[in-house]
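A.B. asks: Mind folding the following:
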Amino acid sequence: MNENHNESVMLRVSGMTCQDCVMHVKKAILSLDGVSEAKVDLKTGDANVVYEPDRVKPEDILALRIFRPPSHYRASIKER
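C.D. replies: Below you'll find the predicted structure:
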């Protein structure tokens with residue numbers, strides 16, 4: 001039987017100015033199939049994302065529409 005092995009990645013998210021921003025970013029990240037958890041911190045600009053590496057990769061998160069123009073949010077990998 002194949003066990004699910006979750007991994008996490010810390011993203012740096014810029015462009016967030018309020019809790020509504022945090023909720024929009026969190027909702028977008030959680031919309032990806034294979035992402036089980038997303039903790040987004042407005043103060044630090046960090047997003048800790050737990051995901052299943054067999055189903056989604058950190059690059060897929062960075063490629064989300066919310067992180068591309070014309071959106072003002074940007075994301076990069078802070079640490080794996």
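A.B. asks: Pass me the low-pLDDT residue ranges in this protein, would you?
C.D. replies: 1-4 (pLDDT under 70).
A.B. asks: Try it again at 90.
C.D. replies: Counting by pLDDT under 90, the chain shows low-confidence ranges at 1-5, 79-80.
A.B. asks: what's stretch 27-34 in contact with?
C.D. replies: 35, 37-38, 40, 47, 49, 51-52, 54-56, 60-61, 64-66 (Cβ atoms under 8 Å, 6 or more residues apart in numbering). For every residue, glycine as well, the C-beta is placed using N, CA and C.
A.B. asks: Quick one: end-to-end distance for it.
C.D. replies: Start-to-end span of stretch 27-34 (Cα to Cα, to the nearest Å) is 14 Å.
A.B. asks: What of stretch 5-18?
C.D. replies: 33 Å.
A.B. asks: Give me the contact list for that stretch.
C.D. replies: In contact with stretch 5-18 (Cβ under 8 Å, 6+ apart) are residues 21-22, 25, 36, 40, 42, 45-54, 58, 61-62, 71-80.
A.B. asks: Of those, grab the buried ones for PyMOL.
C.D. replies: Command for PyMOL that selects the buried part of the contacts of stretch 5-18, burial taken from 16 or more other Cβ atoms under 10 Å:
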select buried, resi 21+22+25+40+47+49+51+58+61+73+74+75
